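Trainee: please find the sequence and the predicted model below.
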Amino acid sequence: MRRREFLDLMVKASVVASASARVNASDRSAERFYDLTRFGSGRILHFTDCHAQLLPVYFREPNVNLGVGEASGRLPHLVGQKLLATMPGIDARTRHALTYLDFAEGARAYGRVGGFAHLKTLVDRLRAEAPSSLLLDGGDTWQGSGTALWTRGQDMVGACNRLGVDVMTGHWEFTYLEDEVLTNAEAFQGELVAQNIKATEDAMFEGVPVFDEDTGRIFKPYTIRSLGERRVAVIGQAFPYTPIANPQRFIPNWTFGIQEAALADLVAHIRGSEQIDALILLSHNGMDVDLKLASRVSGIDFILGGHTHDGIATPIEVKNAGGRCVVTNAGSNGKFLGVLDLEFGQRGLTGYRYRLMPIFSNLLAPDPDMSRYIEEVRAPFLEALNTPLAVAEDVLYRRGNFNGTFDQLICDALCAELDAEFSLSPGFRWGTTVLPGDTIRMEHLLDQTAMTYPETYVREMTGSEIKLILESVADNLFHEDPYLQQGGDMVRTGGLRYTLNPVNGMGHRISQLSNAKGQRIDADKSYKVAGWATVGRASVGPPVWEVVARSLKQTPMAGIKQLETPTLLGVKDNAGIEDYAGHHL
């Protein structure tokens, strides 16, 4: 976007903003937006992947979320208009929450989403309507903001205690040190459950703390909770590939994995001995993994999932040998709250109703006590968080299989500040959105980068090594077997062009590598590459936010010259792509 287009958009945005004030003030439907018709006798509330966002934020949904193999053309791999076609008759607010369509205009009209003070108001309201209720947290809660990093997740433990979370599992929680994780788990007033985290044999021999010495499980695998006179089991399933997608050096004594057989045995044990009325898997597998798991493990009634940040308004019923399992996912960044109402009969569960409720901060009054807590926990860091860096010229977002605009900003800064030909940035899904004309503050940059291994690097890599990195990440993302998808989206690139065919196999997806000038990359030639967030050995460069902040401060208007997205092959009719900058679909 160039300056004239930018100024024109600012005029339109001001009109939309002033009009939205009239709409919100006069729209009586806003008063009924969170009304739910009573159903059943038990209620499960579920949020996930809030990534430590205590305050309301903007968050743009993806326009690229490709499914391959059996996942092609089905949820969660539907975007934009194709997603809306599965949900006829939804209102304009919900359309805005679930899609990228007209994002900036919708954000100006409907305001920010999420925020723990606003979430607290809705949680309390829904629990008052259904006193027999539970609040479940799917993980990725203790990481994703500057304050979470600086307090080592303790700010979020305090917020979750005040929110009233009953049960949680995790993923990015385990990117702190083992003793920090255990300290936070002890301070958490609910229960952290995970059936698939175990101690290594050496760690067991050395006497590291475990929940169960017979199984080696680090945490309690499940809990039984009461919904009135009914008993509900909640099993925890932490992210299976934590030591692969994130540094194992932080948690050297723990092993992960899907642990399908152990889960099946655990389900059978609970069903046979606990006299339960319903069984829920609180999962951080990612939705494709959950769908496969639901087809293979009988006895689970519901999988309430996380990790892939998919806002799924229509739950998916999966058949298996023992009956069916209902799978859903509640988005990210505190943007949604899943509401699962349960109906019971004499022999247990007889029905359910599911709603995915967007958290619009301008429709929910903030809870005063939670607001005070948030203000207190942020106070020591406000000067750093509010440091202005530049003004956004474009919508800056991170979400989708390939470069988002904020990713591009990071990649361009790495090339410029570290004098590199190319740059690589991890395909993280967490990170909030900045609207055109808004000031980019250090807090926004930390929303994209605040983590425990932020160090940058500059290395010589051959063209073949660069291709191997791209091939490896593409295989993690586009492997047809969900059990072999090990987390994240495609690595983000700076100065690099390539063609990608996601339906091919390992080693055959990436081709036509070139630099920004169109010059072919030689497999045997060495190139200077900058990056950050090494999973193996820690790098020695400055934190990435220092590098990007230095770059942003040099220009009053921050935009991108070109969004670097690969040319795609083999996805012409894929329902997981719209409004794409590439070609040859």
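Mentor: That came in fine, so what should we check first? Residues are numbered from 1 along each chain as shown.
Trainee: quick one: contacts for N386?
Mentor: Neighbouring residues of N386 by Cβ atoms under 8 Å, 6 or more residues apart in numbering: 441-443. C-beta: built from backbone N, CA, C; applies to glycine.
Trainee: oh, that last question was meant for C411, not what I typed.
Mentor: With contacts defined as Cβ under 8 Å, 6+ apart, C411 is in contact with 403, 423-425, 492-495, 564.
Trainee: let's see 10 Å
Mentor: 403, 420, 422-425, 491-496, 530-531, 548, 560, 564 (Cβ atoms under 10 Å, 6 or more residues apart in numbering).
Trainee: shaky segments in the stretch 51-200 of the chain?
Mentor: The model of the stretch 51-200 of the chain has no residue with pLDDT under 70.
Trainee: neighbour-wise, which of the contacts of N386 leads?
Mentor: Top of these by neighbour number is E443, holding 22 neighbours under the definition other Cβ atoms under 10 Å.
Trainee: that older thread, just the contacts of N386: which are in helices?
Mentor: Under the assignment DSSP state H, the contacts of N386 contribute 442-443 to helices.
Trainee: partner residues bridging L396?
Mentor: Using DSSP bridges, the bridge partners assigned to L396 are V434.
Trainee: residues contacting it?
Mentor: Counted by Cβ under 10 Å, 6+ apart, L396 has contacts 58, 60, 404-409, 431-436, 438, 440, 444-445, 448, 558-560.
Trainee: in JSON lines, list the contacts of N386 along with distance to G257.
Mentor: Formatted as JSON lines, the entries for those read as follows, by distance: Cβ to Cβ, whole Å:
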{"residue": "R441", "distance to G257": "39"}
{"residue": "M442", "distance to G257": "37"}
{"residue": "E443", "distance to G257": "36"}
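Trainee: tell me the one of the contacts of N386 nearest V377?
Mentor: Distances from V377 to the contacts of N386, taken as Cβ to Cβ, are shortest for E443 (13.7 Å).
Trainee: okay, the closest residue to G404 other than its chain neighbours and E376: tell me how far apart.
Mentor: Taking Cβ to Cβ, 6 or more residues apart in numbering as the measure, G404 lies nearest to R398, with 4.0 Å between them; neighbours along the chain are not counted. The gap separating R398 from E376 is 29 Å, by Cβ to Cβ, to the nearest Å.
Trainee: likewise for T405?
Mentor: Using Cβ to Cβ, T405 is found at 34 Å from E376.
Trainee: just E480 next, same as before
Mentor: Plainly put, E480 is 49 Å away from E376 if you go by Cβ to Cβ.
Trainee: same question for F402.
Mentor: In this structure, F402 and E376 are 40 Å apart, going by Cβ to Cβ.
Trainee: in the helix or strand containing D369, which residues are buried?
Mentor: If you go by DSSP states H and E, D369 is part of helix 368-378. The neighbour-count check on helix 368-378 (16 or more other Cβ atoms under 10 Å) flags 370-371, 373-374, 377-378 as buried.
Trainee: restricted to helices, list the contacts of C411.
Mentor: Within the contacts of C411, membership in helices is found for V548, as judged by DSSP H.
Trainee: the contacts of C411 in strands, which ones?
Mentor: Residues from the contacts of C411 lying in strands, with DSSP state E as the criterion: 422-425, 492-494, 496, 530-531.
Trainee: would you format those as a markdown table with neighbour count and pLDDT included?
Mentor: As requested, the ones in strands among the contacts of C411 are exported to a markdown table (neighbours: other Cβ atoms under 10 Å; pLDDT from 0 to 100):
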| residue | neighbour count | pLDDT |
| --- | --- | --- |
| F422 | 22 | 98 |
| S423 | 28 | 98 |
| L424 | 25 | 98 |
| S425 | 27 | 98 |
| R492 | 26 | 98 |
| T493 | 27 | 97 |
| G494 | 26 | 98 |
| L496 | 24 | 97 |
| A530 | 27 | 98 |
| G531 | 28 | 98 |
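Trainee: show the pLDDT at Q486.
Mentor: Q486 is assigned a predicted lDDT (pLDDT) of 85.
Trainee: what's the helix or strand for it?
Mentor: Element membership of Q486, judged by DSSP H and E, is empty: it is in no helix or strand.
Trainee: I figured R60 hits R399, correct?
Mentor: Yes: with contact defined as Cβ atoms under 10 Å, R60 counts as touching R399 (5.9 Å).
Trainee: how close does the spatially closest residue to D579 that is not a sequence neighbour sit to Q519?
Mentor: Of all residues beyond its chain neighbours, the one nearest D579 is N63 (4.9 Å), with distances taken as Cβ to Cβ, 6+ apart. Distance of N63 to Q519, computed by Cβ to Cβ: 29 Å.
Trainee: neighbour-wise, which of the two wins?
Mentor: Of the pair N63 and Q519, N63 is the one with more neighbours under other Cβ under 10 Å, namely 23 against 9.
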